[in-house]
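Engineer: Provide a 3D model corresponding to the input given below.
(one chain, ligands or ions: 1)
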Amino acid sequence: MTIAQAVKWEERVMRAAHPVVYPLLQTARRPVLRVPGLGVLVRDAGLLRSTLMDTATFTKTGPGSPSDLWTPVLGPAVLLNMEGADHLALRRKLGSLFAPAYVEPLAAASLPVSQLTQRLMAGETVDIVAEVKRYASAMIAQLVGLPLESIDEELFDRVSSITRFVRLARPRLTPAQVGVARGILDELTAHARTAYRSGDEQTVPGRMRALGLTEDEAMGAVGAFVLTGTETLVSYIPRLVAVLVDSGWLPLIAADRSLAEPAIAEGLRVTTPSPVMLRSVVARGSIGPVAVRPGDRVILATYAANRALGPFDPGTNVAAQLKQLWFGAGTHFCLGAPLAMAQIRLTLDALLDAGDLRIVSRSAARGVLIPSYASLRVARA
Ligand code: HEM
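Structural biologist: Residues are numbered from 1 along each chain as shown. Prediction:
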């Protein structure tokens, strides 16, 4: 097991997801450059952060930005397609939903992780991707207010079929794709609407009502959480496990749990599950030496920037200097980060409790937006 093995598999996962764009992004050597047909490409962590912080010049609402992609599906006011005072007000209202006191029990309820340890201890081979998909489906159920017994892992697959439509070179969905995506989300938000109207604070939509969100705001937020918050975890947790096993770090961390937090941060840095962020330029400005003008599309290549800082190493933990750039920066910093971290910690703890692991077989997912394994079967070493 070596770092080279970890790097080789990470490459495969990225290429399987984006066979054309990923190699293209890798050939770019300069920190900022204009790529005809794509936009202004930024692959330096410092420049990336300053672009994210400058919301007067770079927004998520102009042409080629996430709002072009998601507004037709999710509606006009769902955080990730908003800026300014309205955005801030909605984030404030949602704030307490992501406080540790709320997300930790929410994560614990949807993750039957003790069974994961027991199954591995009993000698079973477990597909970590299938396992985390089940957790993600349970999380979606909680977010939309469905009882946990009524769901299966297909719920996750239905949701992720929406993001499969997105390609970097195609900034909008076709009308047919919008129709399919809306159908899937409408089905989910139908449950969320019932939960919202009942006002039952045990459900997430009911809690949103108590926090002062209108019904439309709550339905938009549910859609945004389901779309942004489930695939990233189904991508990240198996990739973290693979990196830990490939690099030989897993038994070291099992023996010294104080290394678990640096390992999670380093894993997030080298995998950067949301590999690219998009912005639209609304005022003249520059990114490093490259001048930008209104209408330009900016591609923030977070994965490339984070990886450029070296291979996975919880010992040195270069991730610590990045202020969690893998969750973004500034006003759009990932709202779900506390929930994501709670789920990651619970799953990693359960795996570490099972002792040293080996990878029995694996395959990378093809043609997906968020690079992931299609399967990662592990057993006790
Ligand atoms: C490892 C897991 C995750 C990663 C790597 C991740 C990454 C990100 C990134 C990079 C952004 C900023 C995008 C930008 O500025 O363009 C973001 C925003 C967001 N994330 Fe996450 N995310 C994760 C999990 C979650 C979860 C579990 C949820 C909720 C259930 C969630 C909800 C959101 C929302 C609502 C936004 C939009 C915030 C805004 O625009 O104000 N994310 N995420």
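
Engineer: quick one: the top helix by length along the chain near the ligand?
Structural biologist: Across the chain, the longest stretch assigned as helix under DSSP state H is helix 175-198. No. Shown here: helix 175-198 not in contact with the ligand (C-beta under 6 Å from any ligand atom), separated by at least 13.3 Å. Bear in mind the C-beta positions are built from the backbone N, C-alpha and C, glycine included.

Engineer: What is the burial count for Q5?
Structural biologist: Counted with other C-beta atoms under 10 Å, the neighbours of Q5 add up to 16.

Engineer: Now do the same contact list for it.
Structural biologist: Counting by C-beta atoms under 8 Å, 6 or more residues apart in numbering, Q5 touches D246, S247.

Engineer: how about 7 Å then?
Structural biologist: Neighbouring residues of Q5 by C-beta atoms under 7 Å, 6 or more residues apart in numbering: D246.

Engineer: Double-check that it belongs to a helix.
Structural biologist: Yes. Applying DSSP: H, G, I helix; E, B strand; the rest coil, one finds Q5 inside a helix.

Engineer: Is there proximity between the one helix or strand in the chain whose mean pLDDT sits lowest and the ligand?
Structural biologist: Lowest by mean pLDDT, DSSP states H and E among the helices and strands of the chain is helix 154-163, with a mean of 80. No. If you take C-beta under 6 Å from any ligand atom as the test, helix 154-163 misses the ligand, and the best it gets is 11.8 Å.

Engineer: residues in contact with that helix?
Structural biologist: Contact with helix 154-163 is made by 133, 136-137, 140-141, 181, 184, 226-227, 230-231, 234, 369-370, as judged by C-beta under 7 Å, 6+ apart.

Engineer: same thing but 8 Å
Structural biologist: Contacts of helix 154-163 (C-beta under 8 Å, 6+ apart): 73, 133-134, 136-137, 140-141, 180-181, 184-185, 188, 226-227, 230-231, 234, 368-370.

Engineer: Give the buried residues for that helix.
Structural biologist: Neighbour counts over helix 154-163 (16 or more other C-beta atoms under 10 Å) mark L155, F156, V159, S160, I162, T163 as buried.

Engineer: just those now: which is nearest R269?
Structural biologist: T163 (22.3 Å; C-beta to C-beta).

Engineer: Distance check, the closest one against the ligand.
Structural biologist: 13 Å (C-beta to the nearest ligand atom, to the nearest Å).

Engineer: okay, the angle between the helix or strand encompassing A130 and helix 154-163?
Structural biologist: Counting by DSSP states H and E, the element that carries A130 is helix 128-144. Orientation of helix 128-144 against helix 154-163 (axes from the mean of the first three to the mean of the last three C-alpha atoms, to 10 degrees) gives an angle of 90 degrees.

Engineer: Can you spell out which helices and strands pack onto helix 128-144?
Structural biologist: Helix 128-144 sits against helix 100-110, helix 154-163, helix 175-198, helix 204-210, helix 215-229, helix 231-247, helix 337-353, strand 373-380, with contacts defined as 3 or more C-beta pairs under 8 Å, 6 or more residues apart in numbering; DSSP states H and E.

Engineer: quick one, the second one and helix 215-229 angle?
Structural biologist: The directions of helix 154-163 and helix 215-229 differ by 90 degrees, with the same axes, to 10 degrees as the criterion.

Engineer: In CSV, list the C-alpha atoms belonging to helix 154-163.
Structural biologist: The C-alpha coordinates for helix 154-163 follow below in CSV (Å, rounded to 0.1, in the frame of the first residue of the first chain):
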residue,chain,number,x,y,z
GLU,A,154,-33.2,3.8,-5.0
LEU,A,155,-34.3,7.2,-3.6
PHE,A,156,-30.7,8.2,-3.8
ASP,A,157,-30.3,6.9,-7.4
ARG,A,158,-33.4,8.9,-8.5
VAL,A,159,-32.0,12.1,-7.1
SER,A,160,-28.5,11.5,-8.5
SER,A,161,-30.0,11.0,-12.0
ILE,A,162,-30.7,14.7,-12.0
THR,A,163,-27.1,15.8,-11.5
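
Engineer: orientation of that helix relative to helix 175-198 in degrees?
Structural biologist: Using the same axes, to 10 degrees: helix 154-163 against helix 175-198 is 130 degrees.

Engineer: Give me the local confidence score for D216.
Structural biologist: For D216, the pLDDT comes out at 90.

Engineer: Which residue does the stretch 151-300 of the chain have closest to the ligand?
Structural biologist: For the stretch 151-300 of the chain, the residue closest to the ligand is G229, as judged by C-beta to the nearest ligand atom, at 2.7 Å.

Engineer: ok, L278 - contacts?
Structural biologist: By C-beta under 8 Å, 6+ apart, L278 lies in contact with K60, G64, S65, P66, P171, R297, V298, I299, L300.

Engineer: Please name the residues that touch the residue of the chain found nearest the ligand.
Structural biologist: Closest residue of the chain to the ligand, C-beta to the nearest ligand atom: G336 (2.0 Å). Residues in contact with G336 (C-beta under 8 Å, 6+ apart) are F98, F225, T228, G229.
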